[in-house]
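K.L.:
fold the following for me, if possible:
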Amino acid sequence: MPLHPAFLRVLLVFAGGGIGACLRALLLTDRIDPTYNLVVLGINLGGSCALGVVFVLADEAQILNVETRLFTAVGILGGLTTFSTFGWDLDLLLARHNASTAALFALAGTAGALIAVGIGIEIARACLAMLGHERMRESTRDPHMLDVIETEDRDRPA
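P.N.:
Now for the predicted structure:
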């Protein structure tokens, strides 16, 4: 008997999230030094860049299917990058009366993540263009699967 599609999606996110969380734990193990915040920032920015790549490969080039997108974007990258760790670090910086460092960390984390996603998108598009892959904007996939995590269409006016 095949798995219900919703249950399969949950399993994919669960498995990917476990992998991402374990990777984050390995990267942050024994980091109780001044570089801890930089490591968290690096993880979040690197994950944001990777997310941009995944979106292009899945949504524009249609190289990744919906299940792979869920496993990678929501699961692995969602488990690897974490807003809660980011928030905890900000709280610690503020508790230690490092308001200027906290403000810089907040700006670098939020604006940096937005920029990193854009960089990932452009990297993926450039690589696809070098490989001669034609991007396809219109989705031909099952619309019921796409509503799981759908990005806005950046080319359509609001």
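
K.L.:
okay, now the unreliable bits of the chain?
P.N.:
31-34, 135-158 (pLDDT under 70).

K.L.:
can we see that at 80?
P.N.:
For the chain, residues meeting the criterion pLDDT under 80 lie at 1, 3, 29-36, 134-158.

K.L.:
where along it do the strands fall?
P.N.:
Here the chain has no strands by DSSP state E.

K.L.:
can you give me the helices for this structure?
P.N.:
Taking DSSP state H as the test, the helices found in the chain are 5-28, 36-55, 66-69, 77-80, 83-95, 99-130, 143-146.

K.L.:
other SSEs contacting the longest one?
P.N.:
To tie it back to what came earlier, the one meant is helix 99-130. On a contact count with 3 or more C-beta pairs under 8 Å, 6 or more residues apart in numbering; DSSP states H and E, helix 99-130 meets helix 36-55, helix 83-95. In short, each C-beta sits where N, CA and C put it, glycine included.

K.L.:
comparing the ones you listed, which comes out most buried?
P.N.:
Per residue and on average, the most neighbours among these fall to helix 36-55, with a mean of 20 (mean count of other C-beta atoms under 10 Å).

K.L.:
thank you kindly, that will do.
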